[in-house]
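Peer 1: just the structure for this:
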Amino acid sequence: MNAAIRRLTGLTLALMFANAALAAASDSIASAPSFVLHDLDGKTVRYSELKGRPVVLDFWATWCQPCRASMPHLNSLQSRFGQRGLVVLGVSVDDGGPQRVRRFADHLGVRFRLAMADERVLDQYGPIRSIPTTFFIDRHGQVVRRVVGYIDSETIETYALKLFDR
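Peer 2: Predicted coordinates:
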């Protein structure tokens, strides 16, 4: 699962940073697939529990440089808009397990909820061929934007704020 993503990410790393403003984004609207994942503490994370709230769903990995660069932006979103109901959920595609992801997240000071991906969620939201891949889901459960690649702080905030207008 992750070896292919890692190869693709390695090949496109420089391109993603160079073209951050031109990251592949789509505005098509579709219902967000339901999922059941486990967070880093083994607790269940169900999409059904997030319905009615805007969600930023970010697929990432500890070895992905653009993903690392995105973490402060995602932290900021959760801090600034969490009181308004926004949920930021990072879904790790790492093979190393939740303990490795926890160490990484603690080191970076990640303050939003993290879960571990499984093949089912990767298929439902995918195919996920490159990371980071970020989904912006409105309070009605509609995926209003999918972005493949790094998103700068101003752009990610703009996309997140639009979720409140829907």
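
Peer 1: which residue is the nearest non-sequential neighbour of residue 120?
Peer 2: Once its chain neighbours are removed from consideration, residue 120 has its nearest residue in residue 35; the separation is 7.3 Å (CB to CB, 6 or more residues apart in numbering). Yep, even glycine has a C-beta here, placed from its N, CA and C like the rest.

Peer 1: let me see the contact set for the one you found.
Peer 2: Residues in contact with residue 35 (CB atoms under 8 Å, 6 or more residues apart in numbering) are 45, 46, 47, 120, 121, 124, 125.

Peer 1: need the contact list for the third one.
Peer 2: Translated: residue 47. Going by CB under 8 Å, 6+ apart, residue 47 touches 32, 33, 34, 35, 36.

Peer 1: pairing partners for the last one in the sheet, please.
Peer 2: Partner residues in beta bridges with residue 36, using DSSP bridges, are residue 46.

Peer 1: so which residue is dead centre in the protein?
Peer 2: Central residue check for the chain by CA atoms, centre = their mean: the C-alpha nearest the mean position is that of residue 58, 0.2 Å away.

Peer 1: for it, which three-state class applies?
Peer 2: strand (DSSP: H, G, I helix; E, B strand; the rest coil).

Peer 1: any idea how far it lies from residue 99?
Peer 2: 20 Å (CB to CB, to the nearest Å).

Peer 1: residue 61 now?
Peer 2: If you measure residue 61 against residue 99 using CB to CB, the figure is 15 Å.
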